[in-house]
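**Student:** next come a sequence and a model predicted from it.
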Amino acid sequence: MDIRVRYAPSPTGNQHIGGVRTALINYLFARSKGGVFILRLEDTDQTRYSGEYVKNLYETFDWLGFRWDEGPDIGGPAGPYVQSERFALYREHAEKLVAMGQAYYCFCDEERLSTIRAAQAKDDSSEMGYDRHCRGLEPIVAAARLASGEKAVIRLKIPLEGTTKFHDALLGDIEWKNEDVSPDPVLLKSDGFPTYHLANVVDDHFMRISHVMRAQEWIPSAPMHMIMYKAFGWTPPELIHLPMVLGQDGSKLSKRHGATSVNEFRKNGYLPDALINYIAHLGCSFEEGRDIFTLGELEGLFKVEKLNKAPAVFDYQKLEWYNGQYIRMKSDAELVALVKPFLAEAGFVSTNDAVLLAAMPLVRERLHFLKDAPDMMRYLFKEPTLPAKEEFIPKKLDVGRAIELLAAAAAFLPSCDLANIEAAETAFRAEAERLGVKFGDLMMPVRVAITGSRVSPPLFESMALLGVERSVARLEKARAHLS
RNA sequence: GUCCCCAUCGUCUAGAGGUUAGGACAGCGGGUUUUCAUCCCGCCAACAGGAGUUCGAUUCUCCUUGGGGAUACCA
């Protein structure tokens, strides 16, 4: 059997962690099996749809760097891949079900429906949902009302008795009493658009989807899908319900847990490689004793059996660690390219890439997020604003001593060869000894003078980047600042 | 309320009848170091509970408890 899987997002919001995780698992499964990964746009909700979200979808996957084999933008043999372009197909099939007696027209309006809901909520009834009011309508009567222009939806007839069972490749056999299946869900809305359930089943069938991999929140709709497949006489695809992704408090991951949309992660300086690697490991394992994988490795290693059944909590701290790991794996040139947009956004426009290139080794191990680069490198672009005097004073020393040290450093620096860091350090160590202070005590006021902070990238390298002249100027300025 | 799914350190997980229950993140404590970071070493920390099955259960079965999800003309 051909392996064909799909990611079928609804463009009613920006791409978020949960969706992208589902997409990634589908993609990895397809790749691991030599199958096809399809993108299908489920734009059936006209009230929430926006072209902005479609744009966001493409941008997101461009950034992440993995792609579908068939989809709206590249076409394919099972197109079109946008549901609004398949409009006629859904009505045709909904009406087919009506003709077969498996579905029916319902004329209940919003008002009646909400009245039912309110009543059910009030007396804690175990009976929830539609009361099947129109199910018994004679077809002739329904046809007449339809002909008179009355608005209607088409609802699926869920059997009143018996059970529906299906197999989940991960969870095993699942059996539902039909009375517990959502009573007669709407297939075709009154605006003529299909609901998710109809469009999903019809498209999965005609696109020859072999495996449906989606989050576990979809389990309750699986039985009604099965009832539809059976009504149509179609063979359903294999089902695999993926463990959900939860926030720190254990509920479904959402905005209130922090960043959830992928573009937020991008803006905050996460690397796509890190995000992909981390996300792949939510509810899935690949190989023992290893945490870092390339996308290609994940493709080769993915196995459905290694999927977990239990939901996974999204851990920003672990993702941060991954991000740092991936930043450290970048070459100087790669890192420059990654960091540049963030520097530009902060107003640090480099005229000289060589300087940036040389600066990368200074910040690489210190960076957890690309976003941190501007602050960390600010002193290379702008004259630092000098902090309070105490910041300059090493432990157990006083202002006077700090001034002396700065003066000494300013006088001494021009004689150093900053092109040779080791030699410069040796020279400074000797100078510290001559001055009768610990090496670290000499360096601290110098560090604050040069970088504006007690915490900074390596000093000698920094001074080398700035050049002797600018470095001495900063030392002098700091000395004046303290006096 | 009802139905469904799930259950190993705080978190992500390994484990598929016999293990000192392993790793990673976080936390804590050391070491290296011009600060910070990196890196290295160490420590802390789990089989939800109760019945079975078995010579033996983290592992199989059932129950309880706990968590999550679904109950829309949203997906």
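**Tutor:** On my side now, so go ahead.
**Student:** could you use CA atoms for every contact and neighbour count after this?
**Tutor:** Will do.
**Student:** in the stretch 151-300 of chain A, what residue lies closest to RNA strand B?
**Tutor:** A:Gly283 (2.4 Å; CA to the nearest atom of the strand).
**Student:** correct me if wrong: that residue contacts A:Leu246.
**Tutor:** No. Counting by CA atoms under 8 Å, A:Gly283 stays clear of A:Leu246, with 10.8 Å between them.
**Student:** what's the overlap in contacts for these two?
**Tutor:** Counting by CA atoms under 8 Å, 6 or more residues apart in numbering, the shared contacts of A:Gly283 and A:Leu246 are A:Pro311, A:Ala312.
**Student:** tally of neighbours for the nearest residue to A:Lys252 once chain neighbours are set aside?
**Tutor:** For A:Lys252, ignoring the flanking residues on the chain, the nearest one in space by CA to CA, 6 or more residues apart in numbering is A:Leu246 at 4.5 Å. Neighbours of A:Leu246 under the rule other CA atoms under 10 Å: 19.
**Student:** next, A:Leu246: phi, psi?
**Tutor:** Main-chain dihedrals, A:Leu246, degrees, to the nearest 10: phi -110, psi 160.
**Student:** contacts for the strand or helix carrying A:Ala337 next, please.
**Tutor:** Per DSSP states H and E: A:Ala337 is located in helix A:332-345. With contact meaning CA under 8 Å, 6+ apart, helix A:332-345 is reached by A:Ile327, A:Val349, A:Leu356, A:Leu357, A:Ala358, A:Met360, A:Pro361, A:Leu370, A:Lys371, A:Ala373, A:Pro374.
**Student:** swap the cut-off to 7 Å and go again
**Tutor:** The contact list for helix A:332-345, computed with CA atoms under 7 Å, 6 or more residues apart in numbering, reads A:Val349, A:Leu356, A:Leu357, A:Met360, A:Pro361, A:Leu370, A:Lys371, A:Ala373, A:Pro374.
**Student:** same check, this time on stretch A:357-376
**Tutor:** Applying CA under 7 Å, 6+ apart, the set of residues contacting stretch A:357-376 is A:268-270, A:320, A:323-324, A:327-328, A:332-333, A:335-336, A:339, A:342-343, A:346, A:457-458.
**Student:** ditto for stretch A:6-19
**Tutor:** Contacts of stretch A:6-19 (CA under 7 Å, 6+ apart): A:23, A:26, A:37-43, A:48-50, A:53-54, A:56-57, A:60, A:245, A:260-262.
**Student:** now list the buried members of the residues you listed.
**Tutor:** Burial by neighbour count, judged by 16 or more other CA atoms under 10 Å, picks out A:23, A:26, A:37-43, A:49-50, A:53-54, A:56-57, A:60, A:245, A:260-262 from the contacts of stretch A:6-19.
**Student:** ok, and which of the residues you listed reach RNA strand B?
**Tutor:** Among the buried ones among the contacts of stretch A:6-19, proximity to RNA strand B is found for A:Glu42, A:Asp43 (CA under 7 Å from any atom of the strand).
**Student:** which ones among the buried ones among the contacts of stretch A:6-19 are found in strands?
**Tutor:** A:Phe37, A:Ile38, A:Leu39, A:Val245 (DSSP state E).
**Student:** can you put the residues you listed in a markdown table and add pLDDT?
**Tutor:** Output for those, formatted as a markdown table (pLDDT from 0 to 100):
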| residue | pLDDT |
| --- | --- |
| A:Phe37 | 98 |
| A:Ile38 | 98 |
| A:Leu39 | 98 |
| A:Val245 | 95 |
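**Student:** out of those, who's nearest RNA strand B?
**Tutor:** Checking these against RNA strand B with CA to the nearest atom of the strand, the nearest one is A:Val245 at 8.2 Å.
**Student:** shouldn't that closest one be in contact with A:Ala312?
**Tutor:** Yes. Using CA atoms under 7 Å, A:Val245 is in contact with A:Ala312, at 5.1 Å.
**Student:** re the thing from before, quick one: the residue of the stretch 151-300 of chain A closest to RNA strand B from A:Arg364, how far?
**Tutor:** Remark: distance between A:Gly283 and A:Arg364 (CA to CA, to the nearest Å) = 30 Å.
**Student:** same deal with A:Leu188?
**Tutor:** For A:Leu188, the distance to A:Arg364 equals 55 Å [CA to CA].
**Student:** which one of these two has more residues nearby?
**Tutor:** Ranked by neighbour count (other CA under 10 Å), A:Leu188 and A:Arg364 place A:Leu188 first, with 25 against 21.
**Student:** distance of that one from A:Ala344?
**Tutor:** Taken as CA to CA, the span from A:Leu188 to A:Ala344 is 50 Å.
**Student:** picking up where we left off before, the contacts of stretch A:6-19 in helices, which ones?
**Tutor:** Using DSSP state H, the subset of the contacts of stretch A:6-19 located in helices is A:Ala23, A:Asn26, A:Tyr53, A:Val54, A:Asn56, A:Leu57, A:Thr60, A:Val262.
**Student:** mind pulling up the pLDDT for the second one?
**Tutor:** According to the per-residue confidence, A:Asn26 scores 98 in pLDDT.
**Student:** wait, what's in contact with it?
**Tutor:** Counting by CA under 7 Å, 6+ apart, A:Asn26 has contacts A:Val5, A:Arg6, A:Tyr7, A:Phe37, A:Met213.
**Student:** sorry, back to before: now a PyMOL select for only the buried ones of the contacts of stretch A:357-376.
**Tutor:** To isolate the buried ones among those in PyMOL, judged by 16+ other CA under 10 Å, type:
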select buried, chain A and resi 269+270+320+323+324+327+328+332+335+336+339+342+343+457
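**Student:** all strands of the stretch 51-200 of chain A, in order?
**Tutor:** Applying DSSP state E, counting those that start in this stretch to the stretch 51-200 of chain A gives strands spanning A:103-106, A:153-156, A:163-168, A:172-177, A:186-188.
**Student:** adding mean pLDDT and distance to A:Ala142, write these out as CSV.
**Tutor:** Formatted as CSV, these follow (pLDDT from 0 to 100; distance: least, CA to CA, whole Å):
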stretch, mean pLDDT, distance to A:Ala142
strand A:103-106, 96, 7
strand A:153-156, 97, 11
strand A:163-168, 94, 29
strand A:172-177, 93, 29
strand A:186-188, 97, 15
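**Student:** put together a markdown table for the ones you listed, with distance to RNA strand B on each row.
**Tutor:** Compiled in a markdown table, these are given as follows (distance: least, CA to the nearest atom of the strand, whole Å):
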| stretch | distance to RNA strand B |
| --- | --- |
| strand A:103-106 | 8 |
| strand A:153-156 | 6 |
| strand A:163-168 | 9 |
| strand A:172-177 | 5 |
| strand A:186-188 | 5 |
